[in-house]
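>>> 3D model of this:
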Amino acid sequence: MTDPFAQIPGAVLSDDGVAHFGDPTREQRALAQGEAIVPRGDRAVVAVSGPERLTWLDSITSQAVARLAPGVSTELLVLDPQGHVEHAAAVIDDGATAWLIADAADAAGLAKWLGMMRFRAQVEVAPRPDLRVAGFVRGAGAEHALADAAARPNGVALVWQDPWTGVSAGGWQYARAEEHPGSAHAWAEAILEESAWADAAALPVAGLLAAEALRIAAWRPRWAAEVDERALPHESDWLRSAVHLAKGCYRGQETVAKVHNLGHPPRRLVMLHLDGSDSVLPERGARVLAGEAEAGHVTSSAWHHELGPIALAIVARRIPEGETLAVEADGVRVAAAQEVIVPGDAGATAEVPRITRLSRRPLAQ
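Numbers count the residues shown, from 1 in each chain. Predicted coordinates:
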């Protein structure tokens, strides 16, 4: 089926979907005000059904979902044995099926891994390429339109509300901002069937660039951007919404607990406010410099309708929090003021009493 959003006059396509519809700044404002929807060609759906689906997901992922009530939203991570992030998914359950929304490039790998972990569990895992995802900001016309249009195969509207607005039960926030920008990021994503998808194209629309700009401004990590082979959830403050620190064992839990209680993440996520004089944006992977030394790399960047050029970057923990950085973009060295998201002393939350060292000197005769 031809994507109806791609047929809208002015649509500019990218590898992931519609980047914008001709006016990215106007679209971003409309999206932020809750009046536009974003066709998320960069997101995909995986369905997990069966009577043991929630207890099974609880046992193999970072989030406590065993008692997840129908219609309640959360998110989870799949970690490797060393605690590195392998997969990430939004989750909403409708009483019969757990619906996972993942970045499109991650969905097949996530579904394959889940299928390999079934063993004797009474669950079925099925990618659902017939379903589409639309994003919006809650609180205005877009929410009303998509709440009505969302699929509801078991009577519950499949609308996932991003938990990034606060610290989830069992989670932890390292950011020390008095007003966390995520608290105002009332993001949601609706799962739509093909017929509703075609009708949704008649609504006010915004492109993927608009959604990315709002996400970056909210310090919100995602698999397709902030995750590499070394990524720990602590580094991007993902314990805030995707990790339950008090739940039972799962793969990677030991590292999560050790870094949080006794250690420090070796890298940390920062927000970069970029000098816009040269009108260039760094691409993902662009080097971040502290003086002449490499400090890290850019994970995401965007032009924000209020903040101007911004980026998220992963930098080494050793980089001083007040240091002015620079980013390489199109052969230009762009000055970047860092805004701390994860502080350098994040972790080591356990109060371990110091044990007095016993003297090894021989006793006096």
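>>> who's the nearest residue to Arg333 once chain neighbours are set aside bridged to?
Ranked by Cβ to Cβ, 6 or more residues apart in numbering and with sequence neighbours excluded, the top spatial neighbour of Arg333 is Ala326, at 5.1 Å. To be clear about C-beta, it is placed using only N, CA and C from the backbone, and glycine gets the same treatment. Using DSSP bridges, the bridge partners assigned to Ala326 are Leu289, Ala335.
>>> Ala326 touches Ala335, doesn't it?
Yes. Assessed by Cβ atoms under 8 Å, Ala326 is found in contact with Ala335 at 5.6 Å.
>>> which one of the two has more residues nearby?
More crowded of Ala326 and Ala335, by other Cβ atoms under 10 Å: Ala326, with 20 against 15.
>>> now for the more buried one: which residues touch it?
Residues in contact with Ala326 (Cβ atoms under 8 Å, 6 or more residues apart in numbering) are 288-289, 333-336.
>>> turn these into CSV, columns for distance to His305.
As requested, the contacts of Ala326 are exported to CSV (distance: Cβ to Cβ, whole Å):
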residue, distance to His305
Val288, 24
Leu289, 28
Arg333, 26
Val334, 20
Ala335, 21
Ala336, 19
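>>> out of those residues, which are buried?
The neighbour count (16 or more other Cβ atoms under 10 Å) marks 288-289, 334, 336 as buried among the contacts of Ala326.
>>> mind putting those in a markdown table, pLDDT and distance to Ala200 included?
Listed next are those as a markdown table, based on pLDDT from 0 to 100; distance: Cβ to Cβ, whole Å:
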| residue | pLDDT | distance to Ala200 |
| --- | --- | --- |
| Val288 | 98 | 38 |
| Leu289 | 97 | 43 |
| Val334 | 96 | 37 |
| Ala336 | 97 | 37 |
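>>> show the low-confidence segments of the stretch 251-365 of the chain, by residue range.
Along the stretch 251-365 of the chain, segments meeting pLDDT under 70 span 351-365.
>>> find the centremost residue of this protein, please.
In the chain, the centroid-proximal residue (Cα atoms, centre = their mean) is Arg222; its distance is 2.9 Å.
>>> could you find the closest non-adjacent residue to that residue?
Nearest non-adjacent residue to Arg222 (Cβ to Cβ, 6+ apart): Asp103, at 6.3 Å.
>>> can you name the residues in contact with stretch 68-78?
By Cβ under 8 Å, 6+ apart, stretch 68-78 touches 54, 57, 60-63, 65, 85-95, 98, 110, 113, 154, 156-157, 160-163, 168, 233, 238, 241-243, 251.
>>> how near is the residue nearest to Glu229 when sequence neighbours are not counted to Gly252?
Leaving aside its sequence neighbours, Glu229 sits nearest to His84 (Cβ to Cβ, 6+ apart; 6.7 Å). Counting by Cβ to Cβ, to the nearest Å, the separation of His84 from Gly252 is 7 Å.
>>> helices of the stretch 151-300 of the chain, start to end?
Counting by DSSP state H, counting those that start in this stretch, the segments of the stretch 151-300 of the chain that form helices are 194-200, 208-217, 223-226, 253-261.
>>> mean neighbour count and distance to Ala44 added to the ones you listed, as a markdown table?
A markdown table is the format used below for the helices of the stretch 151-300 of the chain (neighbours: other Cβ atoms under 10 Å; distance: least, Cβ to Cβ, whole Å):
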| stretch | mean neighbour count | distance to Ala44 |
| --- | --- | --- |
| helix 194-200 | 16 | 14 |
| helix 208-217 | 24 | 14 |
| helix 223-226 | 20 | 11 |
| helix 253-261 | 17 | 26 |
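>>> great, nothing more from me.
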